[in-house]
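K.L.:
Need a 3D model of the following:
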Amino acid sequence: MHSRAYLSNRPSRFALGHRLLFGAPVAGARASGAPKCALWASGAGVPPSTSPAPRSRRSTGRPNPWIATRLHGHRLATDLRLLARDGVFSTPDAERHGLDRHALTRLCRAGRIVRLTRGWYAVTDGAAPDGEALHRLCALALGRQFRSRAVISHHSLLLCRGLPTFRADLATVHLASVDPGTSGSPGRSSRGAGVRRPGLVMHRPVRGLGLSAPSVEDHRPAGMPLEHAIVQAGLLGGPEAALVPADAAVRAASVDAARLERAVADLRTHSGIGPVRAALAFVDGRHESPGETRTAYVLRCLGFELEPQYEVRAEGRRFRADFRVLGTRVLVEFDGASKYADGRRETLFEEKRREDALRRAGWVVVRLMWADLDRPEQVRRLVAEAVACAA
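P.N.:
Predicted coordinates:
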């Protein structure tokens, strides 16, 4: 009876392992010969017992291997960045460092890591990643998982490279196969997906591109050439989905117009390539934001010719407008949230002074926002009225 009561009050291995793994205090560990029930009074988590204390046991001087393993896991848990590569790690990576699936579950519950997909995790620094950051981590994880047969592609690669995207599906990672055996029959478009599952689409290879998987020694996932990923993003999301990252990549000198033309030629058999080809003919690195890229695209589609980053002198000062409508004294400005993100009154006041100076110099200023770009007829009316007023 006493033995059973004593055993019922012993700490479970799960409870003790949780304390050792996540840093709960284990102060007041018993000295050699002290009864185990005394650990409760010292804060070690053993419930008080009314049963007689068991006979003390002499220390053997040998470390408990179970506790040593958990202590080693605790040291790993304090800096999991040493375990992860590019912020992500797999279940086999964790097992090589002594962390089993139960330890990973506890780390997830404690907010130290987040599960990305089956068998893959990311180390979190405070808040869990979401949106584009979460998609990037998932792309890196899946790119490593399938690196022997696929490369990261489409908008997934653009996000990994830090380029802006437009209305990308952040719930799905896109890869492109490098295995010719998964391609379709000769002459058939390879736009379709070879593998599709929730959260992942692996597209068939791009014929003639000659992609290869990374070496065995290289743990990093491979990626589609940047210019091809830009065109692929347009095939999924429309011309603006290609033009937004293309302008940013040209501005950063990551690609040029000639490389984009070659990528369009390589993907010429894919459905939807026509509008993407037409849009990329107007790629311009002078556009400084996705909002400016979309503004230029919408206005060109409406028949207006533009000059980006137009400099104006007014009242002894030099101003730069986002666009000037060619042949007119109409300036077009895109107002994104980032322009006034600091919330300072000085920023708003200076912008008001700038616009007043331009108007006194005879310029008509049209301001557009994100919502306006989704209403092209309203944009046409606003710009046409400004052109008529400035005539």
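K.L.:
now Val151, what's its secondary structure?
P.N.:
Three-state assignment for Val151 (DSSP: H, G, I helix; E, B strand; the rest coil): strand.
K.L.:
Check Gly210 too.
P.N.:
Following three-state DSSP, Gly210 is assigned to coil.
K.L.:
For it, give me its contacts.
P.N.:
Counting by CB atoms under 8 Å, 6 or more residues apart in numbering, Gly210 makes contact with nothing. Backbone N, C-alpha and C define where each C-beta goes, glycine included.
K.L.:
likewise Arg118?
P.N.:
If you count contacts by CB under 8 Å, 6+ apart, Arg118 has none.
K.L.:
any chance you could read off phi and psi for it?
P.N.:
Main-chain dihedrals, Arg118, degrees, to the nearest 10: phi -60, psi 120.
K.L.:
how close does it sit to Asp322?
P.N.:
The gap separating Arg118 from Asp322 is 46 Å, by CB to CB, to the nearest Å.
K.L.:
where's Val365, which helix or strand?
P.N.:
According to DSSP states H and E, Val365 maps onto strand 364-368.
K.L.:
Kindly apply the preceding question to Arg196 instead.
P.N.:
Taking DSSP H and E as the criterion, Arg196 maps to strand 193-197.
K.L.:
The stretch 51-200 of the chain: helices as residue ranges?
P.N.:
Here the stretch 51-200 of the chain has its helices, by DSSP state H, counting those that start in this stretch, at 65-78, 91-96, 101-109, 131-145, 154-160.
K.L.:
what about the protein, any weak spots by pLDDT?
P.N.:
The chain contains residues with pLDDT under 70 at 1-79, 179-193, 211-218, 337-344.
K.L.:
still on that earlier bit, dump the strand holding Arg196 to PDB, restricted to CA.
P.N.:
C-alpha atoms of strand 193-197 as PDB (Å, rounded to 0.1, in the frame of the first residue of the first chain):
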ATOM      1  CA  ALA A 193       1.100  20.500 -62.800                       C
ATOM      2  CA  GLY A 194       2.900  17.200 -62.400                       C
ATOM      3  CA  VAL A 195       2.200  17.000 -58.700                       C
ATOM      4  CA  ARG A 196      -0.600  18.700 -56.800                       C
ATOM      5  CA  ARG A 197      -1.500  18.500 -53.100                       C
END
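K.L.:
That one: what's the following helix or strand?
P.N.:
strand 200-203.
K.L.:
Run through who's touching that following strand.
P.N.:
Applying CB under 8 Å, 6+ apart, the contact partners of strand 200-203 are 117, 142, 146, 150, 153-154, 172-177, 190-196, 232.
K.L.:
Please repeat the previous calculation with a cut-off of 7 Å.
P.N.:
Applying CB atoms under 7 Å, 6 or more residues apart in numbering, the contact partners of strand 200-203 are 142, 146, 150, 153, 172-177, 193-195.
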